[in-house]
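S.K.: one predicted model, sequence on top.
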Amino acid sequence: MTSKTKISDGYSTVLPAEVRKALDLTPGDLLQWDVEDGIITIRPRKKMTLAGICGIASAGGDAVADKKKIQSGE
């Protein structure tokens, strides 16, 4: 799928409806923007639920590693 959007005077752009629907994105979801060698990669990061966070964190494990997993959206 390829979509085009225009950057407004305020440097905003619109996430195309077909992209939102294909990725099931909703208000509050995050987009992670990476730039490497002049190429932009945009990755969606869904809102985390408490149940999802609890499922990632390991009981009696490494709290720092768990925090990194939660923040990276793995």
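M.R.: Nice, thanks for sending it over. Residues are numbered from 1 along each chain as shown.

S.K.: what residues of whatever helix or strand residue 68 lives in count as buried?
M.R.: Assessed by DSSP states H and E, residue 68 sits inside helix 63-72. For helix 63-72, the neighbour count (16 or more other Cβ atoms under 10 Å) marks residue 69 as buried. Quick note: C-beta positions are derived from backbone N, CA and C, even for glycine.

S.K.: distance from that helix to the middle of the chain?
M.R.: Distance of helix 63-72 from the chain centroid (Cα atoms, centre = their mean, to the nearest Å) equals 15 Å.

S.K.: check stretch 64-74 too.
M.R.: Using Cα atoms, centre = their mean, the offset of stretch 64-74 from its chain centre is 14 Å.

S.K.: for it, give the mean pLDDT please.
M.R.: Stretch 64-74 comes out with an average pLDDT of 72.

S.K.: mind checking pLDDT for residue 61?
M.R.: pLDDT, read off for residue 61, is 68.

S.K.: ignore the last one, residue 56
M.R.: 63.

S.K.: go on, residue 49?
M.R.: On the pLDDT scale, residue 49 gets 68.

S.K.: go on, the one 3 residues further on?
M.R.: Confidence at residue 52, expressed as pLDDT, is 65.

S.K.: how about residue 19, nearest residue that isn't a chain neighbour?
M.R.: Closest residue to residue 19 apart from its sequence neighbours, by Cβ to Cβ, 6 or more residues apart in numbering: residue 3 at 5.7 Å.

S.K.: same check on residue 25?
M.R.: residue 44 is the one closest to residue 25 (Cβ to Cβ, 6+ apart), at 5.7 Å.

S.K.: quick check: the one you found is in a strand.
M.R.: Yes. Assigned with DSSP: H, G, I helix; E, B strand; the rest coil, residue 44 falls within a strand.

S.K.: quick check: bridge partners of it?
M.R.: residue 31 (DSSP bridges).

S.K.: how about the contacts made by it?
M.R.: 23, 25, 29, 30, 31, 32 (Cβ atoms under 8 Å, 6 or more residues apart in numbering).
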